[in-house]
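> sharing a model that was predicted from the sequence below.
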Amino acid sequence: MRPREFVADDHEIDPAHVDSDALYVIRKLNEAGYTAYLVGGSVRDLLVKREPKDFDISTSAHPQEIKKIFRRNCFLIGKRFRLAHIKFGKKIIEVSTFRSGENASDLIVRDNTWGTEEEDVIRRDFTINGLFYDPFEHKVIDYVGGWEDIHQKVLRSIGDPIIRFKQDPVRMLRLIKFRARFGFNIDEQTKQALIATRKEITKSSPARILEEMLRMLESGAAAQFFHLMTQAKMLHLLFPMLTTILETEKGKQIYDLLQVADQIHRQQAESLLSRPILTACLLFPIVDQELKKKSVDQDKCLHLGDVMMATSSVMKKFVASSFSLLPRKLSTAVSSLITMQFRLTPLSGKQSIRHKPLSMNEFPEALQFLKMRAALDPDLLKPYKAWNNAWRQHLKKGVHQKHPHPPPLEKRQ
């Protein structure tokens, strides 16, 4: 198949936006006689004028040949398919060899066969991710129609979407992720395949599903993603308890917190909120509602022990009903963060600044989460400011100096 090629006047990619270390890797591979391109998400993002997070490279060089070129800076990873990680300080440029082996009409996936650039791109999930970019020739190379789909804002599977989703059901999550992030429309064939195969998602690795969900919480489009997952009738297959709540009045508080998190990520892309904070966006409103209901039913003020029991109960129900288990470290951190909210803003409404919470390891994240709640509820501004001032005074005394200051309170737009 002969690809379409688009030159600089067509694509208008600014070379200054291409990572200098990625350019170095491509140049070294070219000098050694190998073909090498930027591929996938970085090319897509450059074309839609977004800043890429990663710059992945595909090359005709085999892993050991890549290792020979970059020596100590190169680490080979993976068993089924070897990848090269080229280290530049803390940064990693991932380099993969062109491969074949996945037939668009074959449910059996073979990972260990080297291939051509055309075979490599046909393995990829969606046409918008199937473009190569040669930064030295300044040309975009398109074997799959991705150029037109990006400009038409269309999400389309490469090959038969039913087969591709059965080969790797996580592609369905990625489809919804790109819809949430870019607002592109899903083409009709791909949409019908999603409906027909959505139950296949439960054949995926629970760990992969959880990682995709956590990445979406970090994406700046989490609220839209969860809305689309519910709309596509996929979220209930993975997180039934959460789905039930999102479809009720209580779900509004969850969506509101996700929108605040999205705003922070869009404005401070270099500084992601922690995963305990992001997971608490999903679970805190459930605990809060349960405690308020319990307080009214029992006609009494609840104490910290009641808060801890309610938090533990919600966490257990969530984990028991979910397709993917939360790692113990994350689950513990989320529970502590939620419980701390009721130290900072007691259900009784009586506000007092005490020294003990300031000395707890989870306090900085709890304060950051309180800031997010205050962006939605003006009544929480006063306690947030009081605790923030107390924290700053605490830092001046030389205690917990390694903890960062919470970022300024975001104004919700």
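Received the coordinates, thanks.
> what helices and strands are in contact with the helix or strand bottoming out on mean pLDDT in the chain?
Ranked by mean pLDDT, DSSP states H and E, the weakest helix or strand in the chain is helix 355-358, scoring a mean of 80. When contacts are defined as 3 or more Cβ pairs under 8 Å, 6 or more residues apart in numbering; DSSP states H and E, helix 355-358 sits against helix 328-344, helix 381-396. In short, each C-beta sits where N, CA and C put it, glycine included.
> highest average neighbour count across those?
Most buried of the helices and strands packed on helix 355-358 by mean neighbour count (mean count of other Cβ atoms under 10 Å) is helix 328-344; its value is a mean of 19.
> need the helices for the stretch 1-150 of the chain, in chain order.
8-11, 20-31, 41-47, 63-70, 117-122, 146-152 (DSSP state H, counting those that start in this stretch).
> show me what the fourth one is packed against.
Read that as helix 63-70. Looks like helix 63-70 contacts helix 20-31, strand 74-77, strand 83-88, strand 91-97 (3+ Cβ pairs under 8 Å, 6+ apart).
> what mean pLDDT does the helix or strand following the least confident helix or strand of the chain get?
With elements assigned by DSSP states H and E, the helix or strand that comes after helix 355-358 is helix 363-374. The average pLDDT within helix 363-374 is 96.
> got the contact list for helix 363-374?
257, 260-261, 264, 273-274, 276-277, 280-281, 284, 333, 336-337, 340-341, 343-345, 357, 360, 380-381, 383-384, 387-388, 391, 400, 403-404, 406-407, 409-410 (Cβ atoms under 8 Å, 6 or more residues apart in numbering).
> ranges for the strands of the stretch 151-300 of the chain?
All strands of the stretch 151-300 of the chain, identified by DSSP state E, counting those that start in this stretch, fall at 154-155, 185-186.
> tell me the strands beside the last one, with direction?
Put plainly, it is strand 185-186. strand 154-155 (parallel) (DSSP bridges).
> for residue 251, find the nearest of the strands of the stretch 151-300 of the chain.
Distance to residue 251, taken as Cβ to Cβ, is lowest for strand 185-186 among these, at 23.7 Å.
> what's the closest one in contact with?
Applying Cβ under 8 Å, 6+ apart, the external contacts of strand 185-186 come out as 153, 154, 155, 175, 179, 194.
> centre of the chain to that strand, how far?
Relative to the centre of its chain, strand 185-186 is centred 20 Å away, using Cα atoms, centre = their mean, to the nearest Å.
> got it, and stretch 31-50?
Offset of stretch 31-50 from its chain centre (Cα atoms, centre = their mean): 21 Å.
> render the CA-only coordinates of the longest helix anywhere in the chain in PDB, please.
Longest helix in the chain, counting residues (DSSP state H): helix 275-298. Below are the C-alpha coordinates for helix 275-298, written out as PDB (Å, rounded to 0.1, in the frame of the first residue of the first chain):
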ATOM      1  CA  ARG A 275      -4.500   9.500  42.700                       C
ATOM      2  CA  PRO A 276      -5.900   9.400  46.300                       C
ATOM      3  CA  ILE A 277      -7.400  12.800  45.800                       C
ATOM      4  CA  LEU A 278      -8.800  11.900  42.400                       C
ATOM      5  CA  THR A 279     -10.300   8.600  43.700                       C
ATOM      6  CA  ALA A 280     -11.800  10.500  46.700                       C
ATOM      7  CA  CYS A 281     -13.700  12.700  44.100                       C
ATOM      8  CA  LEU A 282     -15.700   9.500  43.400                       C
ATOM      9  CA  LEU A 283     -16.100   8.200  46.900                       C
ATOM     10  CA  PHE A 284     -16.200  11.200  49.300                       C
ATOM     11  CA  PRO A 285     -19.800  12.300  48.200                       C
ATOM     12  CA  ILE A 286     -21.000   8.800  48.900                       C
ATOM     13  CA  VAL A 287     -19.600   8.800  52.500                       C
ATOM     14  CA  ASP A 288     -20.800  12.400  53.000                       C
ATOM     15  CA  GLN A 289     -24.400  11.600  52.100                       C
ATOM     16  CA  GLU A 290     -24.400   8.400  54.200                       C
ATOM     17  CA  LEU A 291     -23.100  10.300  57.300                       C
ATOM     18  CA  LYS A 292     -25.600  13.200  56.900                       C
ATOM     19  CA  LYS A 293     -28.500  10.700  56.500                       C
ATOM     20  CA  LYS A 294     -27.300   8.700  59.500                       C
ATOM     21  CA  SER A 295     -27.000  11.900  61.600                       C
ATOM     22  CA  VAL A 296     -30.600  12.900  60.700                       C
ATOM     23  CA  ASP A 297     -32.000   9.400  61.300                       C
ATOM     24  CA  GLN A 298     -30.300   9.100  64.700                       C
END
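> tell me which residues in it are buried?
Neighbour-count burial for helix 275-298, counted by 16 or more other Cβ atoms under 10 Å, picks out 275-289, 291.
> which single one of the residues you listed is nearest to residue 145?
Of the buried residues of helix 275-298, the one sitting nearest to residue 145 (Cβ to Cβ) turns out to be residue 278, at 35.1 Å.
> pLDDT wise, what is that closest one at?
According to the prediction, residue 278 has pLDDT 97.
> residues contacting it?
Applying Cβ under 8 Å, 6+ apart, the residues near residue 278 are 214, 217, 218, 222, 261.
> which of the strands of the stretch 151-300 of the chain is buried the deepest?
Ranked by mean neighbour count under mean count of other Cβ under 10 Å, those are led by strand 154-155, which reaches a mean of 20.
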